[in-house]
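Below are the sequence and a predicted model for it; my questions follow.
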Amino acid sequence: MPKENILVVEDEEDILDIIRITLTREGYRVTGVTSGEEALRSVLSRAPDLVLLDLMLPGISGLEVCRRIKGDPRTASIPVIMVTARGEETDIVTGLELGADDYIPKPFSNRVLVARIHAVIRRKKETAVDPNTPIRIHDLTIHPGRHEVICRQERIELTATEFRLLGVLARRPGWVMTRDQIVNAVKGEDYPVTERSVDVQIVGLRRKLGKRGAYIETVRGVGYRFSETP
């Protein structure tokens, strides 16, 4: 069975060729374009399964391409992975706030590229799961309906906000979430959730999880994510 179709948006032809070869070898069908204008036309004419989007583009910027893709109901569900230069923390945060699903800083290895694409596509397929279905990850079991977290048959007591915060991150392991995204996802009743208080909540959650608090990783300058590996 053929794999997903990936639209690669990269204005440097040599890098585009390398990515095309790498992904084709993995069985993906690859369409390559070199500008934001071409990317938008391609997305609307034949929606890809994923867009690999360089932010530094001539003409329409990568951030603007991301904004238009995620802001259009016809294309909003298409996963977008941003490709960024190191040190572009502001652009990374902006892209994630616009709806991008992940980012890869340059320079990157082919193995990292393929792994990130695999992970995002897998997460897209998993989003159709019933929100009340228990989340089983590493040695934790999170029961949304029963509002409890079990680790090795022991219950971990969390506040309502801490529980929601853990669930938001654990549902998308490896997925970086900004503080603002966390605020929007976690509607605290027992604690007023703001961007500043997210850090306080994370500290408290890590403390209650003990050594498993290391599952919640800090992505410097961006936000937090739940580790994909124990």
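Received, thanks.

where along this structure do the strands fall?
5-9, 29-33, 50-54, 80-85, 102-106, 135-137, 140-143, 148-151, 154-156, 177-178, 216-219, 223-226 (DSSP state E).

In a markdown table: those, plus mean neighbour count and distance to Leu63.
(C-beta placed from N, C-alpha, C; glycine too.) Compiled in a markdown table, the strands of the chain are given as follows (neighbours: other C-beta atoms under 10 Å; distance: least, C-beta to C-beta, whole Å):
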| stretch | mean neighbour count | distance to Leu63 |
| --- | --- | --- |
| strand 5-9 | 23 | 12 |
| strand 29-33 | 18 | 16 |
| strand 50-54 | 24 | 9 |
| strand 80-85 | 22 | 8 |
| strand 102-106 | 18 | 12 |
| strand 135-137 | 15 | 32 |
| strand 140-143 | 18 | 34 |
| strand 148-151 | 17 | 37 |
| strand 154-156 | 12 | 39 |
| strand 177-178 | 22 | 14 |
| strand 216-219 | 15 | 18 |
| strand 223-226 | 22 | 17 |
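
OK, contacts around the closest residue in space to Arg171 that isn't next to it in sequence?
Nearest residue to Arg171, sequence neighbours excluded (C-beta to C-beta, 6 or more residues apart in numbering): Ile135, at 6.1 Å. Counting by C-beta atoms under 8 Å, 6 or more residues apart in numbering, Ile135 touches 141-142, 144, 167, 170-171.

Tell me the pLDDT of Ile135.
Looking at Ile135, its pLDDT is 86.

ok, it to Gly145 distance?
From Ile135 across to Gly145, the span is 11 Å (C-beta to C-beta, to the nearest Å).

returning to what we had before: mind putting the strands of the chain in a markdown table, distance to Ser42 included?
Formatted as a markdown table, the strands of the chain follow (distance: least, C-beta to C-beta, whole Å):
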| stretch | distance to Ser42 |
| --- | --- |
| strand 5-9 | 6 |
| strand 29-33 | 6 |
| strand 50-54 | 9 |
| strand 80-85 | 13 |
| strand 102-106 | 20 |
| strand 135-137 | 36 |
| strand 140-143 | 39 |
| strand 148-151 | 44 |
| strand 154-156 | 47 |
| strand 177-178 | 28 |
| strand 216-219 | 30 |
| strand 223-226 | 30 |
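
No further queries at this time; thank you.
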